[in-house]
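In: Sequence and predicted structure, then a few things I'm wondering about:
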Amino acid sequence: MQRLQQIIRDIPDFPKNGIIFKDITTLLADAEAYQRVIDLMGHRYIGQRIDVVVGIEARGFIMGSALAYKLNTGVVLVRKAGKLPHDTLRETYALEYGTDTLEIHRDAVKQGQRVLIADDILATGGTVEAVIRMIRRLQGTIVECAFLAELKELEGRRRITDVPVFSLLTL
Ligand code: AMP
């Protein structure tokens, strides 16, 4: 675990002054580290009857699609506004730097489906909160929100009170 933590690179003042950006590209480029992360996270959900993994743009796609493959499920994309071609529903939210709008295809999650939400980093929790609202509007059942890492100081976990949150690493 320590090696996995250390392989994530800190980039000070990116994309704005005062933000320490957690750069996971170093972990993703390391075959052993990436495989270990997906194996560890995937094992947690084997046997939990996940129907679909929802990945959040953009690094959530990298976690989410690998997890979906491991769990034998499909993967659903939550994208920044304007990228998805079919009928969507939207949620706007505040994040650590600015505000943003996310979209999901209205037919991507079916009523009652058991959903695993996946992203790389839990920071303030605003992003995943918006995705939780979306899945609820589509009447999916959220099994858990899974992150590679959470930034402990930002206390995003405290914001997500009614859905289980898991992070493999704490930074
Ligand atoms: P938040 O809504 O604050 O929890 O932010 C979560 C989203 O923003 C995730 O998709 C992260 O990839 C990204 N993010 C926020 N803060 C950071 C950070 N310090 N380093 C890397 N990614 C971040």
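Out: Cool, the structure landed.
In: Tell me which stretches of this structure form strands.
Out: Along the chain, counting by DSSP state E, strands occupy 9-12, 20-23, 52-56, 74-80, 88-95, 98-105, 114-122, 141-150, 165-170.
In: can you list those strands in TSV and add distance to residue 156, mean neighbour count and mean pLDDT?
Out: Glycine gets a C-beta too; all of them are placed from N, C-alpha and C. Output for the strands of the chain, formatted as TSV (distance: least, C-beta to C-beta, whole Å; neighbours: other C-beta atoms under 10 Å; pLDDT from 0 to 100):
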stretch	distance to residue 156	mean neighbour count	mean pLDDT
strand 9-12	18	10	98
strand 20-23	13	16	97
strand 52-56	13	26	98
strand 74-80	17	19	98
strand 88-95	10	15	91
strand 98-105	15	16	92
strand 114-122	4	25	98
strand 141-150	6	22	98
strand 165-170	8	18	98
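In: quick one: which of the ones you listed is nearest residue 34?
Out: Among those, the nearest to residue 34 by C-beta to C-beta is strand 141-150 (10.0 Å).
In: Within its sheet, name the partner strands of the closest one and how each one runs.
Out: strand 114-122 (parallel), strand 165-170 (parallel) (DSSP bridges).
In: residue contacts, residue 132?
Out: 117, 142, 145, 160, 163 (C-beta atoms under 8 Å, 6 or more residues apart in numbering).
In: What residues does this protein have near the ligand?
Out: Applying C-beta under 6 Å from any ligand atom, we find that the chain lies next to the ligand at 19-22, 56, 59, 95-96, 119-127, 151, 156.
In: Provide the contact partners of the longest helix seen in the chain at residue level.
Out: For the chain, the longest helix by residue count, based on DSSP state H, is helix 31-45. Under the criterion C-beta under 8 Å, 6+ apart, residues 3-4, 7, 27-28, 63, 66-67, 70-71, 116, 143-144, 146, 148, 166, 168 lie in contact with helix 31-45.
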